[in-house]
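Chemist: What follows is a predicted protein model with its sequence.
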Amino acid sequence: MATKQEAATAAPAGEPVFDSYIGQEYPEHLFSFDNVASGVEGLAGFTEDHVRYYRETGFLAVNDFFTEREIDAALAGLTDLIDGKNPEVRSAVVQFEASTRDRLGTSSVEERRDMVRKLYHFVDDEPRLRAIADHPQLLKTVGRLLGTTKPELFQDQALLKPRGIGREKPWHQDHAFFELPLGTPIIGCWIALDKANPENGCMHVKPGTHKEGPVVHFERRDWQICDEHLDLTRDVMVPLKPGGVLFFNGLTHHGTPANRTDERRRALQFHYIPAGTPRTSHDDRMAIFGTEGKDITC
């Protein structure tokens with residue numbers, strides 16, 4: 001399923017796909033670095049208390065969820081997709097940072113790897129990434145947090161914030177991108193493939209915001225919550241080592257600052273819903289989340 005942003009990046013067959021939004025300067029105070037989330041140390045320490053914590057706060061970090069070998073395989077799969085080594089790719093899309101448009105055509109293979117912002121629709125083309133999305137322990141954990149025995153993969157993405165040019169992802173709710181009925185339990189799984197730290201753009205969340213319902217979004221630096229409507233006192237950052245996972249609710253406010261370092265910050269992101277969840281329409285979604293605002297201004 002194409003999201004609002006993905007649909008806007010469509011390009012003729014064979015042409016590269018670029019991000020719809022150009023990286024811009026943004027108010028640095030929109031992200032706070034004072035509060036750091038502490039995660040569960042591996043699945044062995046995962047209990048019903050953590051399920052309750054997730055439902056109360058709208059997020060949960062689990063360290064060392066995947067092994068080094070599994071993460072290395074996932075990175076190899078991503079790299080092969082970027083390099084065009086998968087001869088029978090059917091649906092995978094590689095999206096480049098908008099700032100690379102003028103130099104992509106003359107770049108080397110290695111340079112292109114540091115121009116990619118996102119990949120999506122790849123699980124049917126790359127078995128090493130499908131293995132992560134279908135990982136039995138991941139599905140079991142997602143099921144416990146969703147409260148269902150049959151979670152369904154709804155969306156697959158890889159979010160690569162390239163070193164030096166990876167743009168900010170402003171504060172938003174993922175449900176604002178999805179044609180799903182309001183009230184659908186949605187869980188995002190953000191899996192660190194590199195070290196994700198405060199400097200290179202680790203995830204930031206606002207605990208408890210999932211309980212406050214949908215928020216109107218605007219087309220500004222992205223499809224986002226208005227900067228002036230943010231509660232900046234609730235920001236918690238979630239640094240992760242490779243193999244760590246951040247689970248978060250589809251209505252939890254979250255975002256990531258720009259990566260201005262010389263470190264790569266690559267992650268997989270999968271969204272799951274209860275199997276059999278019906279779909280809605282674009283118009284239904286916009287009636288909830290707004291088209292350039294709804295009853296309020298920014």
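Modeler: Sure thing, it's come through.
Chemist: Would you point out which residue is most central in the protein?
Modeler: In the chain, the residue lying closest to the centroid (Cα atoms, centre = their mean) is Gln269, at 4.8 Å.
Chemist: Show me what that residue is bridged to.
Modeler: Note on Gln269: beta-bridge partners Gln157, Trp190, judged by DSSP bridges.
Chemist: Could you do the one 4 residues further on as well?
Modeler: Beta bridges link Ile273 to Glu152 when assigned by DSSP bridges.
Chemist: Can you report how many residues neighbour it?
Modeler: Ile273: 23 surrounding residues under other Cβ atoms under 10 Å. (C-beta placed from N, C-alpha, C; glycine too.)
Chemist: Neighbours of the closest residue to Ala92 other than its chain neighbours, how many?
Modeler: Excluding the flanking residues, the one nearest Ala92 by Cβ to Cβ, 6 or more residues apart in numbering is Phe122, at 3.9 Å. By other Cβ under 10 Å, the residues close to Phe122 number 24.
Chemist: residues in contact with Phe122?
Modeler: 81, 91-93, 129, 156, 158 (Cβ atoms under 8 Å, 6 or more residues apart in numbering).
Chemist: can you check Ser38 too?
Modeler: Ala61.
Chemist: quick revisit: what sits against the residue nearest to the centre of the chain?
Modeler: Contacts of Gln269 by Cβ under 8 Å, 6+ apart are 155-159, 188-191.
Chemist: can you tell me how far it sits from Gly290?
Modeler: Distance of Gln269 to Gly290, computed by Cβ to Cβ, to the nearest Å: 24 Å.
Chemist: Also Asp284?
Modeler: For Asp284 relative to Gly290 (Cβ to Cβ), the value is 12 Å.
Chemist: Could I get the pLDDT score of Val36?
Modeler: Predicted confidence (pLDDT) for Val36: 97.
Chemist: er, Thr9 actually
Modeler: Looking at Thr9, its pLDDT stands at 45.
Chemist: hang on, the earlier thing: going through the contacts of Phe122, which ones are buried?
Modeler: Among the contacts of Phe122, those buried by neighbour count (16 or more other Cβ atoms under 10 Å) are 81, 92-93, 129, 156, 158.
Chemist: could you dump these to CSV with pLDDT and distance to Leu43?
Modeler: Listed next are those as CSV, based on pLDDT from 0 to 100; distance: Cβ to Cβ, whole Å:
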residue, pLDDT, distance to Leu43
Leu81, 96, 28
Ala92, 94, 29
Val93, 96, 32
Leu129, 98, 21
Asp156, 98, 22
Ala158, 98, 23
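Chemist: Okay, helices next: where are they in the stretch 101-250 of the chain?
Modeler: Along the stretch 101-250 of the chain, the segments classed as helices by DSSP state H, counting those that start in this stretch run 109-113, 127-133, 136-146.
Chemist: Can you list the low-confidence ranges for the protein?
Modeler: Low-confidence segments of the chain (pLDDT under 70): 1-14, 293.
Chemist: Centre of it to the edge, which residue is at the far end?
Modeler: Going by Cα atoms, centre = their mean, the residue of the chain most distant from its centre is Thr106, 29.1 Å out.
Chemist: what's Pro16 sitting at in phi/psi?
Modeler: phi -70, psi 150 (degrees, to the nearest 10).
Chemist: Next, the contact list for it, please.
Modeler: Counted by Cβ under 8 Å, 6+ apart, Pro16 has contacts 94, 96, 104.
Chemist: try 10 Å
Modeler: Applying Cβ atoms under 10 Å, 6 or more residues apart in numbering to Pro16 gives the contacts 9, 94-96, 100-101, 104-105, 112, 115.
Chemist: before we move on, the earlier item: can you list the contacts of Phe122 in CSV and add distance to Ala73?
Modeler: As requested, the contacts of Phe122 are exported to CSV (distance: Cβ to Cβ, whole Å):
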residue, distance to Ala73
Leu81, 13
Ser91, 20
Ala92, 16
Val93, 21
Leu129, 9
Asp156, 16
Ala158, 14
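Chemist: Looking at the residues you listed, spot the one nearest Val17.
Modeler: Val93 (5.9 Å; Cβ to Cβ).
Chemist: Relative to Ala76, how far out is that closest one?
Modeler: From Val93 across to Ala76, the span is 19 Å (Cβ to Cβ).
Chemist: now His210
Modeler: 34 Å.
Chemist: Same check on Arg101?
Modeler: 27 Å.
Chemist: Same check on Ala275?
Modeler: Taken as Cβ to Cβ, the span from Ala275 to Ala76 is 30 Å.
Chemist: So which of these two has more stuff around it?
Modeler: The residue with more neighbours, out of Ala275 and Ala76, is Ala76; 14 against 11, by other Cβ under 10 Å.
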